[in-house]
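> Following is a predicted model, sequence given first.
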Amino acid sequence: MSPNPMGTADVTDNDRLWAAISWVIPIIGSIIALVLENTKSRPFVRYHAIQSLIFGVVAYVLLTIVATVTLGIGGLCCIVPLVVQLYYAYQAYQGSYFEVPFLTNFAKQQGWLK
């Protein structure tokens with residue numbers, strides 16, 4: 001498990017579950033985790049929900065562009081983000097803080113993550 005960069009209290013089982021849900025269903029799961037009263041104030045859940053929300057939006061846009069350019073033939077490109085999401089969901093469920101290349105730094109620069 002990675003060290004806790006947020007300097008917060010221990011991560012609960014519920015935190016790990018919501019972080020994983022955020023990665024499995026990136027846009028919807030993340031938004032739900034960010035608005036539910038019992039999860040929105042949890043640093044671990046917020047950290048993963050924000051990253052997965054950005055990941056989901058970027059993946060959706062890129063997949064739409066690829067599908068449009070290749071006239072639907074590039075449908076196999078959907079597998080790559082899905083595998084990455086499942087890997088990140090597993091890492092989050094293990095209680096790990098990790099950085100997603102480019103996206104974590106972007107979120108930190110915007111002030112969305114600490």
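Looks like it arrived, so ask away. Residues are numbered from 1 along each chain as shown.
> Have a look at this protein and report its longest helix.
helix 43-69 (DSSP state H).
> How about the contacts made by the closest residue to residue 56 other than its chain neighbours?
Distance criterion CB to CB, 6 or more residues apart in numbering; nearest residue to residue 56, sequence neighbours excluded, is residue 26 at 2.8 Å. For glycine as for every other residue, the C-beta is placed from the backbone atoms N, C-alpha and C. By CB atoms under 8 Å, 6 or more residues apart in numbering, the contact set of residue 26 is 52-53, 55-56, 59, 85.
> Among these, which pair sits farthest apart?
Within the contacts of residue 26, two members stand farthest from each other by CB to CB: 53 and 85, at 12.0 Å.
> Compare the two (neighbour count), which wins?
residue 53 (22 against 19; other CB atoms under 10 Å).
> residues contacting that one?
Residue 53 neighbours (CB under 8 Å, 6+ apart): 22, 26-27, 30-31, 34.
> Which one of these sits in the busiest neighbourhood?
residue 22 (33 neighbours).
> Wait, it touches residue 36, no?
No. Taking contacts as CB atoms under 8 Å, residue 22 lies outside contact range of residue 36: 11.3 Å.
> secondary structure class for residue 99?
Look at residue 99: counting by DSSP: H, G, I helix; E, B strand; the rest coil, its state is coil.
> Distance check, it against residue 12.
Counting by CB to CB, to the nearest Å, the gap from residue 99 to residue 12 is 22 Å.
> Same list, the contacts of residue 26, but as CSV with distance to residue 114 please.
Formatted as CSV, the contacts of residue 26 follow (distance: CB to CB, whole Å):
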residue, distance to residue 114
52, 17
53, 16
55, 18
56, 21
59, 24
85, 23
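> Find the helix or strand that residue 34 is a member of.
helix 26-35 (DSSP states H and E).
> just the angle between that helix and helix 43-69, please?
150 degrees (axes from the mean of the first three to the mean of the last three CA atoms, to 10 degrees).
> Brilliant, that's me finished.
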